[in-house]
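>>> structure, please.
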Amino acid sequence: LITADAIHCNRDTGQAVLDRGGDYLFALKSNRPTTLRDVEDYFADPDADITETLTTTDADHGRVEIRHHAVIHAVDWLFAGKPDRDHPAMPGLSTIGRVEAEVTREGRTSRSVRYYLSSARLSAQAFARAVRAHWAIENGLHWVLDMAFDEDRARARKDHAAENL
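Numbers count the residues shown, from 1 in each chain. Presented below is the predicted three-dimensional model:
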């Protein structure tokens, strides 16, 4: 299962993963506005056919995070119309997922909602594991870039400075 950020949520990357025998799990964000709006509207419908849900709670480093995961396997409705440039169909789509996160830290609570498209037919538990594993890698990479390379303070952004470094 290949997980990737929203920049990779496109037909070509999805097909490349499938052609090599894998499955994808891509974040869906505003770079696919029509698809994102359709998925948000579907989940907002009280009669939505949600296949399975799972709630997880983590508490560490002074914060409590509650995540509500939901998956949908009946996905034919998403690209039922003629695909266009703003709404290209995803090859092999089998699961649409949503994560609603509520994080409480120092008495303040923040909420976020994230959506995902996957070619794998994921249970809510498998979906939750895959999303958490992706963020564990993502956070670990950012930590290395910041701590080892001091990337957050790097100001080499003009012309070819980054490549030269």
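>>> ok, Phe79 touching Leu93?
Yes. Using Cβ atoms under 8 Å, Phe79 is in contact with Leu93, at 7.4 Å. In short, each C-beta sits where N, CA and C put it, glycine included.
>>> would you mind giving both backbone torsions of the residue lying closest to Tyr115 once chain neighbours are set aside?
Leaving aside its sequence neighbours, Tyr115 sits nearest to Leu28 (Cβ to Cβ, 6 or more residues apart in numbering; 4.3 Å). With angles defined as degrees, to the nearest 10, Leu28 sits at phi -110, psi 120.
>>> was I right to think Leu28 contacts Thr35?
Yes. Counting by Cβ under 8 Å, Thr35 is a contact partner of Leu28 at 6.3 Å.
>>> what sits in contact with each of the two?
Shared contacts of Leu28 and Thr35, defined by Cβ atoms under 8 Å, 6 or more residues apart in numbering, comprise Leu117.
>>> now the residue nearest to Tyr115: how far from Ala120?
According to Cβ to Cβ, to the nearest Å, Leu28 and Ala120 sit 15 Å apart.
>>> which pLDDT value does the model give the residue most central in space within the chain?
Centre of the chain computed as the mean C-alpha position; nearest residue by Cα atoms, centre = their mean is Ala27, 2.6 Å away. Ala27 carries a pLDDT score of 94 in this model.
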